[in-house]
Structures are given as C-alpha cells and as structure tokens.
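Chemist: Model the following, please.
(one chain, ligands or ions: 1)
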Amino acid sequence: MRLAVIGHPIAHSLSPVLHEQWLRASGLFGRYEALDVAEEDLSGLFQAMRDGEWDGFNVTIPYKETVIPYLDELDLAATDAGAVNTVYKRDGKLIGTNTDGAGLVAALSPLTDWSGRVLVIGAGGAARGIISALPTRDVTITNRTMERAERLAERFGIEAKAFVDVDIARYDVIIQTTSVGMDGVHSPQSLNGLRQNTVVCDIIYRPLVTPFLKEAAKKGAIIVNGTAMFVGQGALAFEFWTGVKPDRFVGMKLIESLLE
Ligand code: ATR
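Modeler: Numbers count the residues shown, from 1 in each chain. Model prediction:
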C-alpha cells in the first residue's frame with residue numbers, strides 16, 4: 001500500500017502519522033507520505049497512480065479543486081462539496097471523493113440522532129461539504145456575508161439567517177466551520193442562550209479548544225473539537241483505499257496527544 005497526502009505546503013500535515021498508525025494496526029504493509037507538490041507535477045503524479053505506483057491520495061490545500069481534471073470520476077460527495085479530498089482506484093479508474101462532511105457526521109452521530117435542528121456557522125467550502133453530508137434538512141446556515149449563506153441555503157433547501165437573528169436556544173447541534181478562533185482569541189458568534197447538552201463542534205484543531213468551544217463547555221454543552229472531523233475524514237479515506245475500518249478513537253487520541 002503506497003499512499004500520500006498531496007498539497008502545498010504540507011510539512012505540518014498530521015495525516016502521515018495517523019495513517020501509518022492505522023496501517024500498522026491493520027497489519028498492512030505500506031507507507032503514507034506527505035508530498036509537497038507544485039501544480040505542474042500533478043499530471044505526472046496521477047499518471048503514476050494509473051501506472052500502479054500509488055494506491056491512494058488525500059488532497060489538501062490548494063489542490064482540492066485543481067485535481068478534478070486529472071480524475072476519471074467524481075462521486076456524489078465530491079460533486080456536492082465541489083472539492084476532492086480523497087482519490088482512490090476502482091477497476092483501473094481514478095475516483096475523487098470528499099470524506100470531510102461524512103467524516104464529521106460519522107464522528108457526531110454517537111452524540112445525536114439528528115432529529116433536532118442544526119446550525120452551521122460559515123458558508124465556505126468546508127460548510128458546503130458538511131451541509132451536503134448532513135442527514136437532515138432542518139438546518140440553518142449563518143455567515144458574516146449573508147449572500148454566501150443564502151446561496152448555500154438555496155442550493156441545499158435550508159434556511160439562512162444573519163448572525164444577529166440566530167436564536168442559539170433553538171439548536172441541538174451547532175457546527176462552527178469558519179477560520180475564526182485559529183488565533184485562540186476570537187469567536188464567530190456569541191453562544192448566549194445555549195441549552196445544556198447541545199452538541200457544539202468546531203472544525204478547527206489548532207488550537208485544540210477554540211474560544212468558541214471554551215464558551216460552549218462553560219455553558220454545559222457537549223463539545224467536539226476539530227480532531228473529530230480530521231480523524232473522521234481520514235478514517236473514511238483509509239476505508240476506501242484498504243477496505244479496513246480503522247479505529248477512530250485511537251486515531252483521535254494520537255492526534256490530540258500531538259497537538260496538546
Ligand atoms: P473554507 O473552504 O475553509 O471554508 P473559505 O471558503 O475561505 O474557507 O470560508 C471561510 C469562512 O470563514 C467563511 O464563512 C467566512 O465568512 P465570509 O463568507 O463572510 O468571508 C468565514 N470567516 C473568515 N474570517 C472571518 C471573520 N473574521 N469573521 C467572520 N467570519 C469569517
């Protein structure tokens with residue numbers, strides 16, 4: 001099994017340690033590398049995959065859309081997300097998928113049955129992938145730029161609201177997808193009125209606990225940090241490549257220990 005994550009820059013990727021641990025735990029021989037590639041190298045890399053030199057790729061910034069022309073097919077998850085984070089081979093074809101949304105949903109599913117209302121904060125690429133994977137349409141999207149929220153709301157048949165109009169008490173699951181909080185200082189939205197036991201998730205994992213999650217925890221929420229989505233997307237990618245379901249819990253412990 002020869003796997004890699006491709007992107008630029010890639011030096012700080014946590015994917016190699018995660019997947020190499022899962023390879024070992026599954027008794028599979030193989031390697032998972034981090035390839036810092038220039039755009040002009042993409043064509044050669046996908047040809048090498050066709051020639052059998054590679055079994056699978058994760059794709060990260062800035063190539064999640066750039067890789068699409070080199071693939072034979074996109075599945076529904078990649079089409080809905082408008083971006084590819086995983087490439088695997090079936091019957092000689094290179095198939096692009098996106099495991100980010102489904103990975104997060106799988107990570108949250110032990111904590112909610114998705115029968116309540118969901119609030120998604122942010123309207124970028126990450127939000128789009130997550131909304132497309134949610135098993136409910138009882139979803140509100142809120143974003144600094146209302147126009148982007150409205151566009152996604154229309155596409156997915158959900159509701160859009162301005163930050164100021166959001167009533168936090170209405171939601172059972174809240175998913176924070178913006179980059180606000182990476183500085184360890186700011187929060188995208190106040191959590192006034194948050195009900196206890198609401199599931200509050202942030203997709204940021206550096207820092208491990210954002211100011212948004214700290215506020216949620218103080219108010220009695222069940223908090224889920226960004227390692228859930230990171231490990232969740234990785235687990236589904238690993239399954240596409242190997243057919244083996246890896247242990248997410250062990251993966252999360254490993255990643256959290258590296259980020260602490
Ligand atoms: P990604 O693909 O990671 O989702 P993106 O497409 O650049 O990245 O989207 C970033 C998200 O973070 C957007 O929802 C953006 O809000 P805008 O649509 O209003 O730009 C949000 N965001 C980034 N910086 C922000 C800030 N300082 N305050 C509020 N929202 C912010």
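
Chemist: okay, CA-based contacts and neighbour counts for the rest of this
Modeler: Noted.

Chemist: quick one: contacts for Leu28?
Modeler: If you count contacts by CA atoms under 8 Å, 6 or more residues apart in numbering, Leu28 has them with Met1.

Chemist: how does it look with 10 Å?
Modeler: 1, 20, 22, 242, 244 (CA atoms under 10 Å, 6 or more residues apart in numbering).

Chemist: And those residues, which of them are buried?
Modeler: Among the contacts of Leu28, those classed as buried by 16 or more other CA atoms under 10 Å are 20, 22, 242.

Chemist: Helices - which of those residues land there?
Modeler: 20, 22, 242 (DSSP state H).

Chemist: now those residues in JSON lines, with pLDDT?
Modeler: Output for these, formatted as JSON lines (pLDDT from 0 to 100):
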{"residue": "Glu20", "pLDDT": "98"}
{"residue": "Trp22", "pLDDT": "98"}
{"residue": "Thr242", "pLDDT": "98"}
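
Chemist: Find the helix or strand that the nearest residue to Leu14 once chain neighbours are set aside is a member of.
Modeler: The shortest distance from Leu14 to any non-neighbouring residue, by CA to CA, 6 or more residues apart in numbering, is to Ile255 (7.3 Å). Following DSSP states H and E, one finds Ile255 within helix 248-259.

Chemist: Quick one: residues in contact with that helix.
Modeler: Against helix 248-259 from outside (CA under 10 Å, 6+ apart): 14-15, 17-19, 21-22, 25, 107, 205-208, 225-236.

Chemist: which of those residues count as buried?
Modeler: The neighbour-count test (16+ other CA under 10 Å) marks 14-15, 17-19, 21-22, 107, 205-206, 208, 225-236 as buried among these.

Chemist: Among those, name the ones in helices.
Modeler: 15, 17-19, 21-22, 107, 227-236.

Chemist: Closest to the centroid, which residue in the chain?
Modeler: Asp100 (3.1 Å; CA atoms, centre = their mean).

Chemist: Would you mind measuring from it to Thr198?
Modeler: 22 Å (CA to CA, to the nearest Å).

Chemist: same thing with Pro207?
Modeler: Distance, Pro207 to Thr198, by CA to CA: 21 Å.

Chemist: in this protein, which spans are helices?
Modeler: 15-25, 42-50, 76-81, 100-108, 125-133, 146-156, 211-218, 227-242, 248-259.

Chemist: beta partners for the closest residue in space to Glu159 that isn't next to it in sequence?
Modeler: Nearest residue to Glu159, sequence neighbours excluded (CA to CA, 6+ apart): Thr140, at 4.7 Å. Listed by DSSP bridges, the beta-bridge partners for Thr140 are Leu119, Glu159.

Chemist: what's around Thr140, how many residues?
Modeler: Neighbour count for Thr140, taken as other CA atoms under 10 Å: 22.

Chemist: Ser179 versus the residue nearest to Leu14, what's the distance?
Modeler: Relative to Ser179, and taking CA to CA, Ile255 is found at 20 Å.

Chemist: What pLDDT is listed against the closest residue to Ile204 other than its chain neighbours?
Modeler: Distances taken as CA to CA, 6+ apart place Gly226 nearest to Ile204, at 4.6 Å, with adjacent residues excluded. pLDDT, Gly226: 97.

Chemist: Out of the contacts of Leu28, which is nearest to Pro62?
Modeler: Closest approach between those and Pro62, by CA to CA: Glu20, at 23.3 Å.
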